[in-house]
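Visitor: What would the 3D arrangement of this be:
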Amino acid sequence: MAKKGQKLAKVQVGDTSDPLGFAALRDMHLDYLAVRNYSTVTVANKQSYINHFILWAEERSLTRPDQITKPILERYQRWLYTYRDAKTGKKLSFRSQHARLLPLRAFFKWLCRRDLLPANPAADLELPKLEKRLPRHVLNAREAELVLAQPDVLTPMGLRDRALMEMLYSTGMRRMEVAGLKLYDVDPDRRLVFVRLGKGKKDRMVPIGERALSRVNKYTEEARPSLSSSRSDEALFLTNLGEAFTPNRLTQMVRDYVQAADIGKSGSCHLFRHAAATLMLENGADIRFIQAMLGHAKLETTQIYTHLSIKQLQEVHAATHPAAKIGRRSKVTAEV
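Guide: Modelled structure (predicted):
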């Protein structure tokens, strides 16, 4: 699977000389996605997953989309379910199976819309049901402060790292969004951060707290000049080499501080995103505000944080559940 910031090699799979064959039509589909302004990474991932199916189909002498039926797609789905990695012996998770089938279903739908297929064999293909799992670890307010306190703010790198993590915590931004920030994206007068081309290539404005803004200002005034070089451009956060952070380097930096804090939890940038959303919900923020701040296209994505925000549920439970009341009365009686 392609990753952001990774150079993508073009892999040739299939015979492109047949204009109605898988390879030629796949390339047309990918060109269509590129023209529609899908990201390079998204197009590359779709190509990879469609190629998986093309290789599987060619092993069974299936070289054209018009040879594919729903039963054949169901056979492929069963093959994904039973697949085991040759080195590790591990099976594909249902999420991985889903990820491989979704671009394939979109590919066949596109073929029908372009009148390149008389009927869509994937129209009624049922994808694996995905589990809605909670994040493994979520920081509480005390733990977040412990992680934030780890950088040595007497050094330029420490000032930078503290400012960077304050940005993650205060705004709930994704790592790629923070890594892509420019100097002019922070508006100190309005206390806003402009997120350019976030997930789904959507811009948005997010508020930033006074403490985080103060840390960012201190970094830009006192530390960034010493880190800047001819390669720095206008990137807000610079590495020791004067370059913009890559998402992966940002992940490693935050992970190291989480480990140093010794809070018994693991994770990286998304820990601050989860913590910001959960703690704001517990303190009364409307879920639609959280949705806008996090840049979620669908409210159901944000609603996972209602499961993480347990404080209000505990308060309601303590106030209304009869057994909880009995427990409190018993404790008072025992103390008397």
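
Visitor: Could I get the CA-only coordinates of stretch 278-298 as PDB?
Guide: Provided in PDB are the C-alpha atoms of stretch 278-298 (Å, rounded to 0.1, in the frame of the first residue of the first chain):
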ATOM      1  CA  THR A 278     -12.800  13.200  23.700                       C
ATOM      2  CA  LEU A 279     -12.000  15.800  26.300                       C
ATOM      3  CA  MET A 280     -13.900  18.500  24.500                       C
ATOM      4  CA  LEU A 281     -17.000  16.300  24.300                       C
ATOM      5  CA  GLU A 282     -16.700  15.500  28.000                       C
ATOM      6  CA  ASN A 283     -16.600  19.300  28.700                       C
ATOM      7  CA  GLY A 284     -19.800  19.900  26.700                       C
ATOM      8  CA  ALA A 285     -18.700  20.600  23.100                       C
ATOM      9  CA  ASP A 286     -21.300  19.900  20.400                       C
ATOM     10  CA  ILE A 287     -20.400  16.900  18.300                       C
ATOM     11  CA  ARG A 288     -21.000  18.800  15.100                       C
ATOM     12  CA  PHE A 289     -18.300  21.300  16.200                       C
ATOM     13  CA  ILE A 290     -16.000  18.400  16.800                       C
ATOM     14  CA  GLN A 291     -16.800  17.100  13.300                       C
ATOM     15  CA  ALA A 292     -15.900  20.400  11.700                       C
ATOM     16  CA  MET A 293     -12.700  20.800  13.700                       C
ATOM     17  CA  LEU A 294     -11.500  17.300  12.900                       C
ATOM     18  CA  GLY A 295     -12.500  17.600   9.200                       C
ATOM     19  CA  HIS A 296     -14.700  14.500   9.200                       C
ATOM     20  CA  ALA A 297     -16.900  14.300   6.100                       C
ATOM     21  CA  LYS A 298     -19.400  12.100   7.900                       C
END
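
Visitor: Buried ones in it, by neighbour count?
Guide: 278-282, 285, 287, 290-291, 293-296 (16 or more other C-beta atoms under 10 Å). Every residue, glycine included, has its C-beta placed from N, CA and C.

Visitor: mind giving me the domain split of this protein?
Guide: Domain assignment for the chain by automatic domain parsing gives 22-113, 141-312.

Visitor: Point out the most buried one among the ones you listed.
Guide: Among the domains of the chain, ranked by average contacts under mean count of other C-beta atoms under 10 Å, first place goes to domain 141-312 (a mean of 17).

Visitor: And the pLDDT for the closest residue to residue 238 other than its chain neighbours?
Guide: Among residues not flanking residue 238 along the chain, residue 227 sits closest, at 4.3 Å (C-beta to C-beta, 6 or more residues apart in numbering). As predicted, residue 227 sits at a pLDDT of 90.

Visitor: Now the phi/psi pair for residue 227, please.
Guide: phi -90, psi -20 (degrees, to the nearest 10).

Visitor: All good on my end, thank you.
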